[in-house]
Structure formats: C-alpha cells, structure tokens
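# I would like the atomic coordinates for the input below:
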Amino acid sequence: MSSRLRLAAQDYLTMRRALGFELVSQGRLLMQFVSYCEAHGLEQLRSDEAINWAAHPPKGGQDRVYQARRLGVVRDFARHLATIDPDTEVPAHDVLPYHARHVCPHIYSHEQILLLIDAAAQLKPRLRALTWQMLLALLAVTGMRISEACNLNDDDIDVERGTIRILNSKFNKSRQVLVHSTTLVALEDYRQQRDLLWEPTTGSRALMVTSRGTRLSPEYARQTFAKLINATGIQARAGQHRPRLHDIRHSVAVWTLMGFYQDGGDVQARLPLLSTWLGHVNPKSTYWYLHAVPELLALAARRLEDDHGQVPS
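Prediction:
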C-alpha cells in the first residue's frame, strides 16, 4: 500500500505537470525523498530529515549546488503539502542556499555539424543512418528542442506554407517554424526513403523513427549522439562541459545573434523574434546568450566601439 506521503507527492506532480511543467529530474528526486521517508518510518515531512537527505546523495556527492537543488525540490513540495497538512515542516531558505551556476554551452561550428552528419551516415542499419542525418540537419536549421523533433508527426510538415508545426512543447506551448524550401525537400526525401525501408505501422504518424520503425525518443537520441561525438573527436573548450545534443539548439541561437551583429541590424529589436522562434517563454532566456558566449561579447563590444568610439568601463 502506498504511504500518505507518496500519494500526496504523486498528486502534486500530476497537478504541476498538468500546468505544463515536465518535472523529469525533479519528479525523480521527489520520489527518492519519499522512498527515504518510507524507509525511515516517517509519516510527516520534517525539515531535519529533508536536510539530511539532501545533504547526503546516494553516491556521496559533495556538490553544494546539487545538494541545494535536492532540498529545493523537497521545499517546493513542502510548501504545497503545508496547505493540506499544517503539521508539515518547510525547510528554511537559508539552509543549503542555492546559487545558480550556468556553464557555457559548447557552440558547434558549421564544420563540426557536417562532421556529425557524416558520422551519422556510417550508422547501421540504413534507416538509422538516414534518421540521424535528417535529425541533425533539422536541429541545425531550426534550433528546436530534441523533444520537439522527436514528437513531430508527418502531418506537422506543411509544404504549402513552408512551416513545421510544433505542438504542446515546453509549458504546453505551440508554435510554427518557417523553414527554407531546401529543408522541406530534404524532409520529403527522408520520408520517402524511410517508407521504402520500413513500412509504417498502422496508425503510426511519427516523422523520426528508429531502425525498428518506432518513434525516436529523446533519451535514446542522447545516447546515440554521445557515440557520434566520440566518433568525430569533437572536444569541449577548457572549462566547458562535454558537447551535448542540446548544444545544437544553443549553437543556432548564437549563430543567429552573431548574424544580427554582423549585418549591422538592431539586435535588441530582433531578440523578441528569436525568442519566439526558439519557443522561449521568457525573453531573458534569449538574453542569456549575450553574456554567456565569448564570441557574442566580442561582437557586442565592437558594436559599442563603432557607436561610441570606446567601450564603456
């Protein structure tokens, strides 16, 4: 029988997800905390036990930011639970304080994207290679999230309008992305070859499929991408994390912003357009790139020099 805490945590996650929050890692951490409480015979959420659990990850990690994140997940749940159960203790904010830490993404060069596509062509069987070549190319020209690409269906491609429809993405947002005619041609070519290699299952509408004809999943995609990174030998810069699949999205944003600076246009006026294109809920998510990437900082400084003759101190 499920404990009272477990049932409350499941209801809480269901409610938050219905509001558009994915809560993948947060949900996993919360249920781990619930299991901890059950193992220790705890029927009430207690601050001291929450802090003890957060500060002692199962693998003995000493990363303070990770510990703070663990406690933050429990704290958010505790706030919710306290409205139902007044005996719930909410961990104080000054315990294991969280300090946001952004690691600069790996920005791929166009040559590196081509290297990855060439490496994907060597995958076996043939359908897997075709899917990965198309997936990498599509991510590199649209900047969409890997989950968005995996969730695409054949009927989301509108050839007449030249758009790709992205439905129920992050925070349950939907949008349409304009694409070049060459992208539409490449997508149609992929679909034709895909259907020759694997007859679509009845009712299947997935655009990107595995070698078995099933919908490609983000988790499986990340595993395969790690192998492609190894095959190409692409290395991270000093102080950066290992190149990730999601960094292609970061790269598209940076390439676009660099283009804004290089063509002399009004960068600030164009940023909201880029936010809409990428599906950012808050424009600050787009502004982050302006100070996170050295190349963009250099271009911004050069623009200031051109406009004012000097860089402000």
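# CA only for contacts and neighbour counts going forward, please
Noted.
# what about the closest residue to P243 other than its chain neighbours, how many neighbours?
Nearest non-adjacent residue to P243, counting by C-alpha to C-alpha, 6 or more residues apart in numbering: H106, 5.5 Å away. If you count neighbours by other C-alpha atoms under 10 Å, H106 ends up with 21.
# over to E148?
16.
# I'd guessed it sits against K173; true?
No. Using C-alpha atoms under 8 Å, E148 makes no contact with K173, being 10.9 Å away.
# hang on, the earlier thing: and the pLDDT at the residue nearest to P243?
H106 carries a pLDDT value of 87.
# same check, this time on P86
92.
# OK, contacts around it?
Contact analysis of P86 by C-alpha atoms under 8 Å, 6 or more residues apart in numbering lists nothing.
# that one and V73, how far apart?
Taking C-alpha to C-alpha, to the nearest Å as the measure, P86 falls 19 Å from V73.
# likewise for R6?
Between R6 and V73 the computed distance is 15 Å (C-alpha to C-alpha).
# repeat that for L127.
Distance from L127 to V73, by C-alpha to C-alpha: 41 Å.
# residues touching the helix ranked longest in the chain, excluding its own?
Longest helix of the chain, by residue count under DSSP state H: helix 64-82. Helix 64-82 has contacts (C-alpha under 8 Å, 6+ apart) with 8-9, 12, 26, 29-30, 33, 45, 50-51, 54-57, 88-91, 96-101.
# from the residues you listed, list the buried ones, please.
Buried subset of the contacts of helix 64-82 (neighbour count, 16 or more other C-alpha atoms under 10 Å): 8-9, 12, 26, 29-30, 33, 45, 50-51, 54-55, 88-91, 96, 98.
# in the stretch 151-300 of the chain, which spans are strands?
157-158, 163-166, 175-178 (DSSP state E, counting those that start in this stretch).
# could you say what helices and strands the last one packs with?
In other words, strand 175-178. Helices and strands touching strand 175-178, by 3 or more C-alpha pairs under 8 Å, 6 or more residues apart in numbering; DSSP states H and E, are strand 163-166.
# so what strands line up beside the strand it packs on?
strand 157-158 (antiparallel), strand 175-178 (antiparallel) (DSSP bridges).
# hmm, who's touching the shortest one?
By that I understand strand 157-158. Outside strand 157-158, the residues touching it (C-alpha under 8 Å, 6+ apart) are 163-165, 184.
# show me where the stretch 1-150 of the chain has its helices.
4-18, 24-39, 47-55, 64-82, 110-120, 126-142, 146-150 (DSSP state H, counting those that start in this stretch).
# do you know which of those helices lies nearest D189?
When these are compared by C-alpha to C-alpha, helix 126-142 sits nearest D189, at 9.7 Å.
# can you list the weak-confidence ranges in the stretch 51-200 of the chain?
Confidence mapping of the stretch 51-200 of the chain against pLDDT under 70 gives the ranges 60-62, 98-103, 169-172, 199-200.
# try 80 this time
59-63, 97-104, 168-174, 199-200 (pLDDT under 80).
# neighbours around V159, how many?
V159, neighbours per other C-alpha under 10 Å, totals 16.
# measure it to H180 for me?
When V159 is compared with H180 (using C-alpha to C-alpha), they lie 10 Å apart.
# same question for S25.
From S25 to H180 the distance is 35 Å (C-alpha to C-alpha).
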